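In: need a structure here:
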Amino acid sequence: MISDRAVVQTADIGDNVYIREFAVVRAGVKLGRNVTVHPFVVIEPGVVIGDNVEIFPGTYIGKVPKGAALARQPEYRPQVTIGANCSLGPHAVIYYDVEIGENTLIGDGASVREQCRIGCNCILSRYVTVNYATTVGNNTKIMDSTHITGKCLIGDNVFISLCVGSTNDNAIGRLGYQEDRVKGPVIENGAAVGAGAMLMPAIVIHEGAVVGAGSVVTRDVPARSVVMGSPATVRRYIGVD
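Out: Numbers count the residues shown, from 1 in each chain. A predicted model of the protein is given here:
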């Protein structure tokens, strides 16, 4: 059912689709079967929505990355793909050039910037921000109010707790933007990061490692180690007495 108070400019709409009042769906959008678009959602051209997706009020899909104060010139394709069985919470913002895999939850107020790839069966919880050119693997969970910096690589089956911060520039912006120098952390498969941790640029948290809550990670974390403190140091190894 399409409300007569919605603006719908596409005819590429699957069966059993609901578009509620005051939603805006532009020409060039493709909606799969059993999609629900709640009030005040805006979907820009070039967006493809899979089957059984629910998009809650106020969500904006297809935002153009621009701004007078940006240190870099954004590059993007005017396309977004959202896989089947996803849920996008109220007031989420999905920029252009984003791919989101099947069965993924994007929480209330979350933001995913351009050139990001989010895997299947993921959770990006409330007010999570994922900056540009970042990849998140499958079955990964990122909890409330965490910031994932630009050019970060996160593997499969990773858990990142709430209020975690990450950075990608040791010069703190003083040298301007240099593509070959700016790099976010790498978090390998099966790693876990505790609440309130801070991850410094270009560090690697190796497979199966655990970062304790409140830690400041300034150097690489060995596989299956447990690190804590500021700066974080190895306290023990998982499976080793």
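In: Now do the end-to-end distance for stretch 224-238.
Out: Counting by C-alpha to C-alpha, to the nearest Å, you get 5 Å between the two ends of stretch 224-238.
In: Give the buried residues for it.
Out: Going by neighbour count (16 or more other C-beta atoms under 10 Å), the buried part of stretch 224-238 is 224-228, 232. Using the backbone N, CA and C atoms, a C-beta is placed for each residue, glycine as well.
In: how many other residues sit next to residue 138?
Out: For residue 138, the count of nearby residues is 18 (other C-beta atoms under 10 Å).
In: Go through the buried residues of stretch 224-238 and say which is closest to residue 117.
Out: Nearest to residue 117 among the buried residues of stretch 224-238, counting by C-beta to C-beta, is residue 224 at 26.5 Å.
In: Contact partners for that closest one?
Out: 206-209, 237-239 (C-beta atoms under 8 Å, 6 or more residues apart in numbering).
In: Mind doing that once more with 6 Å?
Out: 208, 237-238 (C-beta atoms under 6 Å, 6 or more residues apart in numbering).
In: gap between stretch 57-66 and the chain center?
Out: The chain centre lies 13 Å from the centre of stretch 57-66; the measure is C-alpha atoms, centre = their mean, to the nearest Å.
In: Over to that stretch now: how far is its first residue from its last?
Out: OK, stretch 57-66 end separation, C-alpha to C-alpha: 24 Å.
In: and that stretch, which residues are buried?
Out: Result for stretch 57-66 [16+ other C-beta under 10 Å]: buried residues 58-63, 65.
In: Would you agree residue 53 is in contact with residue 83?
Out: No: with contacts counted by C-beta atoms under 6 Å, residue 53 stays clear of residue 83, the gap being 8.0 Å.
In: sorry, back to before: just curious, which of the contacts of residue 224 is nearest to residue 173?
Out: Closest approach to residue 173 among these (C-beta to C-beta): residue 208, at 33.2 Å.
In: any low-confidence regions in this structure?
Out: By pLDDT under 70, the low-scoring segments of the chain are 68-69, 241.
In: Show me it divided up by domain.
Out: Domain ranges of the chain: 1-133, 149-241, per automatic domain parsing.
In: Turn these into JSON lines, including distance to residue 141.
Out: Below are the domains of the chain laid out as JSON lines (distance: least, C-beta to C-beta, whole Å):
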{"stretch": "domain 1-133", "distance to residue 141": "4"}
{"stretch": "domain 149-241", "distance to residue 141": "5"}
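In: returning to that earlier point: out of the contacts of residue 224, which one sits closest to residue 155?
Out: residue 208 (10.3 Å).
In: what about the closest one, how many neighbours?
Out: By the criterion of other C-beta under 10 Å, residue 208 has 18 neighbours.
In: do residue 72 as well
Out: By other C-beta under 10 Å, 13 other residues sit near residue 72.
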